[in-house]
Each structure stands twice: as C-alpha cells, then as structure tokens.
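Novice: With the sequence up front, the predicted model follows.
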Amino acid sequence: MSLAVATRYANALVDVVMSSQGSMQPAAIAGNLRDLEAAVESSNELRNVLITPAITPAQKKAVMGRICDMLGVHPLVRNFVFIVVRNRRADLFPQIRSAFERLLDERTGMARAEISSASELNPALRPALEAQLSRLTGKQVKCSYTIDPTLLGGVVARIGSTVYDGSVRGQLKTLRRELSTGA
C-alpha cells in the first residue's frame, strides 16, 4: 500500500517537472529529493518529529522549511515537501524519491544498470559496456559500478529485473547445468 501511495506522490511531482517546459531541471529536482532524504535519514530526532502525531503539521512544516532553506532546495520541492508533511506521508520520503527517479527515467527513456565485477573495471572499458547495454535496451543507460568478490571474473549487469550474466561464475553454472542435463 505504501509503495502505491509513494508512487502517486512521485507521479504527481514528475508530471509537474516534465510539464515545466524546461524551467526545472529534473536532475536538480532529483538531487534535492536525495538531499532531503539524506537529511531525514541521518537524524533520528528529525525522523521522530516527522512521524510523531503529537507534533502539529504546522510545526513539522516549519522544521522542514528550515531544512529546505539550509539545503537550498527548489521552491517546487519545498512546496511538495509541505504537501507530503501535511498529508502525514513524511515516512514515505525514501519511497517517494525512489519512485520519482524511476518514473523520471521511464519518461525520459533512461535505464539504470547495476554493474558488478570481480575487480575494479578499467575506466576505458566502461563506455563500451554502457554503449552495449544501451543497444540491448534501446535506452540511454546510467551505470553504477560495484565490486563483487564472489565473481571469478567478467561482469554481471542488472537492468530492472533483467540480468545479463557475463561472469565466469555464471558461465560455469550454465556449463554445469548443460552437462547435468546431457544437452
């Protein structure tokens, strides 16, 4: 249920950002949401203020207004935060931010890929890998890279629910499966 609610809020924000005719940079709005989420996540006191029913929405709005000022968030994001707080959905900030980025990617033809490798990938290889993933998905791909010491070599790319396993471990599993089935 909370994911559906978070998605509705995120969808409304994406609608406003996309209809702004370029007056708002979607990446900047996403950055503001990440900054706010980090501020809320880094402070137990702030989280408690936002979820405690004994604290009035006006008090919560005042606290969030000061935080928005300190972070220099866009006025649209500030107003959005006030709506979320007024409607007692502040506990959904992480889900709203995540849904916003996902919906924004969908609308702009972007895909996010998580690349795992046994060791640090050579920076010269990254553009070729990203280009190949873009060809496979038909979308521009943003990659995040991690090291997975359980891989023997190669890379594993995850885009949404699709996994492209080019690791030695994955190839060995495929070979084992083929040998055990007699194929």
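Specialist: Looks like it arrived, so ask away.

Novice: Leaving out the residues flanking it, which one is nearest to Y145?
Specialist: Taking Cβ to Cβ, 6 or more residues apart in numbering as the measure, Y145 lies nearest to I115, with 4.9 Å between them; neighbours along the chain are not counted. Where C-beta positions appear, they are placed from N, C-alpha and C, glycine not excepted.

Novice: So the one you found: helix, strand or coil?
Specialist: strand (DSSP: H, G, I helix; E, B strand; the rest coil).

Novice: Tell me how many other residues crowd it.
Specialist: The local packing count at I115 equals 22, with neighbours defined by other Cβ atoms under 10 Å.

Novice: Quick one: residues contacting it.
Specialist: Counting by Cβ atoms under 8 Å, 6 or more residues apart in numbering, I115 makes contact with L121, L129, C143, S144, Y145, T146, V155, V156, A157.

Novice: For the chain, which helix or strand comes out least confident on mean pLDDT?
Specialist: Taking mean pLDDT, DSSP states H and E as the measure, the chain has helix 168-181 as its least confident helix or strand, at a mean of 81.

Novice: what comes up buried for it?
Specialist: Residues of helix 168-181 classed as buried: R169, G170 (neighbour count, 16 or more other Cβ atoms under 10 Å).

Novice: Domains in the chain, by residue range?
Specialist: What automatic domain parsing lists as the domains of the chain is 2-106, 110-181.

Novice: ranking those domains by mean pLDDT, which is last?
Specialist: Set side by side, the domains of the chain show their lowest mean pLDDT on domain 110-181, which sits at a mean of 86.

Novice: coming back round to it: report the distance from the least confident helix or strand of the chain to the chain centre.
Specialist: 33 Å (Cα atoms, centre = their mean, to the nearest Å).

Novice: leaving aside the residues next to it on the chain, what's closest to V14?
Specialist: Distances taken as Cβ to Cβ, 6+ apart put L103 closest to V14, at 4.7 Å, once the chain neighbours are dropped.

Novice: err, D105, not the other one
Specialist: Once flanking residues are discounted, D105 sits nearest to R112: 6.2 Å by Cβ to Cβ, 6+ apart.

Novice: ok, the one you found to Y145 distance?
Specialist: Distance, R112 to Y145, using Cβ to Cβ, to the nearest Å: 12 Å.

Novice: next one: A62
Specialist: Shown here: A62 relative to Y145, a distance of 41 Å by Cβ to Cβ.
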